[in-house]
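>>> Fold the following, please.
(one chain, ligands or ions: 1)
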Amino acid sequence: MKLFLAGLLAENNSYSPIPTGLGAFEAEGIRRGAASAVDPGGYLSAIEAVRLVASSQGWEVTEGLFAAAVPLGPIRQLVYEQLRDELLDDLRAALPVQAVMLMLHGAMTAEDCLDCEGDLLERARAIVGPHVPIGVELDLHGHVTHRMTLNATLMVAYKAYPHTDIDERAAEVAQLTIDTAERRIRPVTAVWDCRMAGSWPTTREPLKSFVRELQALEGHHGVVSVSHTHGFAFGDVPEAGARLWVITDGDEALATRLASDLGRRLWALRDALHQPALDMDAAMRRVAELPPLPGAGPIVVADLADNPGGGARGDSSFALQAVLSRGIPNVAIGGLWDPGAVQLCFEAGLGSVLALRVAGKSGPMSGHPVDLRVTVRALLEDHAQTAFGSRSPLGASAWVSTAEGVDLVLISRCQQVIGIDLFTGLGIDLSSKHAVVVKSMQHFHAAFAPLAREVLYADSPGLLTADIAALPIRHRDPNFWPRVADPWSGMLS
Ligand SMILES: [Zn+2]
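From the prediction side, this is the model:
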């Protein structure tokens with residue numbers, strides 16, 4: 001018995017002016033064939049989990065294309081079609097297969113395609129026919145469309161945000177797909193549109209308990225799997241937004257009833273799910289007002305609107321300006337994407353003092369550049385951060401500091417902050433810092449919260465502003481919360 005396994009992952013921000021080209025995939029590494037067995041880093045660690053499940057049951061795994069891109073604007077149409085067709089050619093070459101598993105995101109769009117996952121799944125279904133199960137692993141920030149539901153046999157989303165359970169969910173999808181192929185289960189899916197949008201950490205209550213409750217339902221009384229996705233608020237597509245879906249073993253009525261009940265529960269929690277964000281000035285006022293407390297750890301400030309994990313460039317200057325204007329000492333800020341500034345630091349050399357223009361270069365949403373006089377404290381040709389068991393390359397990087405005590409980590413590869421070694425790898429001692437500003441919305445939390453004196457979420461005019469209700473929309477149904485107070489118009493009491 002053979003399982004075909006492949007992945008194509010991108011989260012495309014409709015508001016980013018920078019298109020996703022082939023380079024964005026190449027930067028993350030395009031893996032072909034069994035390359036993952038040789039270099040199983042990054043998201044490919046989930047493949048190991050799948051192989052383990054399959055081999056323990058005598059299944060062979062044939063790997064097709066694996067490609068993932070850093071979040072930017074929609075994918076160039078030709079690039080999307082090239083990668084999609086390569087993956088589908090791999091599937092054709094692997095035939096006959098008894099099961100297919102795809103690792104996808106859910107919020108992938110190309111210039112002429114607003115539902116890439118639906119498109120890909122429809123084509124995969126046409127290749128394998130109606131009887132071969134297709135199992136899909138999705139990101140918690142994916143969208144779930146009718147076309148996806150129609151063509152996939154079963155879909156399971158990450159349950160954790162930060163996404164600490166990718167491998168676990170991959171193993172689960174593999175098992176359920178094999179169970180379906182071996183006719184132990186007959187998955188039936190019902191999807192509930194929650195008519196809401198947001199990005200809600202599962203590290204906070206009440207979502208933490210709600211997710212635990214969803215998991216407790218699985219494997220009992222005919223319930224196979226329960227997933228919820230938040231959608232991607234910056235993906236302007238017709239079927240955007242949060243969904244909750246239930247997969248049962250052949251019981252459509254149960255799936256429908258449970259999806260509706262749990263979806264309504266999630267809707268009822270909407271106000272409490274929200275992670276309150278301060279505006280950047282208010283956040284920095286708090287940082288300035290809190291007295292130093294040796295041994296307490298730094299105040300961690302998430303610069304959420306400039307999160308490269310959602311399509312921003314990580315080079316906005318709003319946080320830096322706020323720190324400088326208030327004269328707050330002993331603050332570290334990173335990773336600021338500024339390859340030009342890094343190059344100048346390398347040319348000047350370690351220990352040099354130089355005038356450096358940093359940040360605010362990628363567009364109006366990054367604010368104005370800032371001119372500083374800095375000392376080059378550390379240089380690394382090939383810097384990286386580590387989190388969730390994987391290494392995320394940052395390219396040539398520099399630690400520079402101002403005489404006023406502001407430390408900046410400048411990086412050449414645009415990445416959101418996920419690991420503390422983004423700072424410590426260059427020699428910055430985070431425990432001695434009064435505050436640390438991270439270019440991240442939530443994924444920083446797993447590594448930084450344990451050492452933080454306090455975590456603040458700060459909003460600014462960047463690309464991923466917290467004010468999602470005000471985003472201009474062209475494609476999605478405007479009838480969603482928080483844009484509309486009651487999108488149900490009396491349907492729910
Ligand atoms: Zn995500």
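
>>> Show me which residues of the stretch 1-150 of the chain sit near the ion.
139, 141 (C-beta under 5 Å from the ion). In short, each C-beta sits where N, CA and C put it, glycine included.

>>> Pick out the residue closest to the middle of this structure.
The residue lying closest to the centre of the chain (C-alpha atoms, centre = their mean) is Gly309, at 5.6 Å.

>>> how about that one, what does it touch?
11, 71, 416, 440-441, 443 (C-beta atoms under 8 Å, 6 or more residues apart in numbering).

>>> hmm, try it at 6 Å
By C-beta atoms under 6 Å, 6 or more residues apart in numbering, the contact set of Gly309 is 416, 443.

>>> That one belongs to a helix?
Yes: remark: Gly309 belongs to a helix, assigned using DSSP: H, G, I helix; E, B strand; the rest coil.

>>> Mind jotting down where the helices sit in the stretch 301-450 of the chain?
With helices called from DSSP state H, counting those that start in this stretch, the stretch 301-450 of the chain shows them at 318-326, 339-348, 421-424, 445-448.

>>> Tell me the secondary structure at the closest residue to the ion within the stretch 101-250 of the chain.
The ion sits closest to His141 of the stretch 101-250 of the chain, with a gap of 3.6 Å, by C-beta to the ion. Counting by three-state DSSP, the backbone at His141 sits in coil.

>>> For it, which non-adjacent residue is spatially closest?
Nearest non-adjacent residue to His141, counting by C-beta to C-beta, 6 or more residues apart in numbering: Phe232, 4.7 Å away.

>>> close enough to count as contact, the one you found and Met108?
No: checked against C-beta atoms under 6 Å, the pair Phe232 and Met108 is beyond contact range at 9.7 Å.

>>> Tell me which residue in the stretch 351-493 of the chain sits closest to the ion.
For the stretch 351-493 of the chain, C-beta to the ion, closest residue to the ion: His443, 8.0 Å.

>>> That residue: how many residues sit nearby?
23 (other C-beta atoms under 10 Å).

>>> again with His143
By other C-beta under 10 Å, 29 other residues sit near His143.

>>> residues in contact with it?
With C-beta under 6 Å, 6+ apart, His143 has these contacts: 106-107, 231, 237, 239-240.

>>> would you turn these into TSV with secondary structure and pLDDT?
Output for these, formatted as TSV (DSSP: H, G, I helix; E, B strand; the rest coil; pLDDT from 0 to 100):
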residue	secondary structure	pLDDT
Gly106	coil	98
Ala107	coil	97
Gly231	coil	94
Val237	coil	97
Glu239	coil	97
Ala240	coil	96
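
>>> Now which of the residues you listed would you call buried?
106-107, 231, 237, 239-240 (16 or more other C-beta atoms under 10 Å).

>>> mind checking which of the helices of the stretch 301-450 of the chain is nearest the ion?
Per C-beta to the ion, nearest to the ion of those: helix 445-448, 12.9 Å.

>>> Next secondary structure after the closest one?
Later in the chain than helix 445-448, the nearest helix or strand by DSSP states H and E is strand 454-459.

>>> Run through who's touching that next one.
Taking C-beta under 6 Å, 6+ apart as the rule, strand 454-459 contacts 275, 277-280, 283, 299-305, 449, 466.

>>> Show me which residues of that strand are buried.
Residues 455-459 are the ones in strand 454-459 that count as buried (16+ other C-beta under 10 Å).

>>> Quick check: longest strand in the chain by residues?
In the chain, with assignment by DSSP state E, the single longest strand is strand 370-387.
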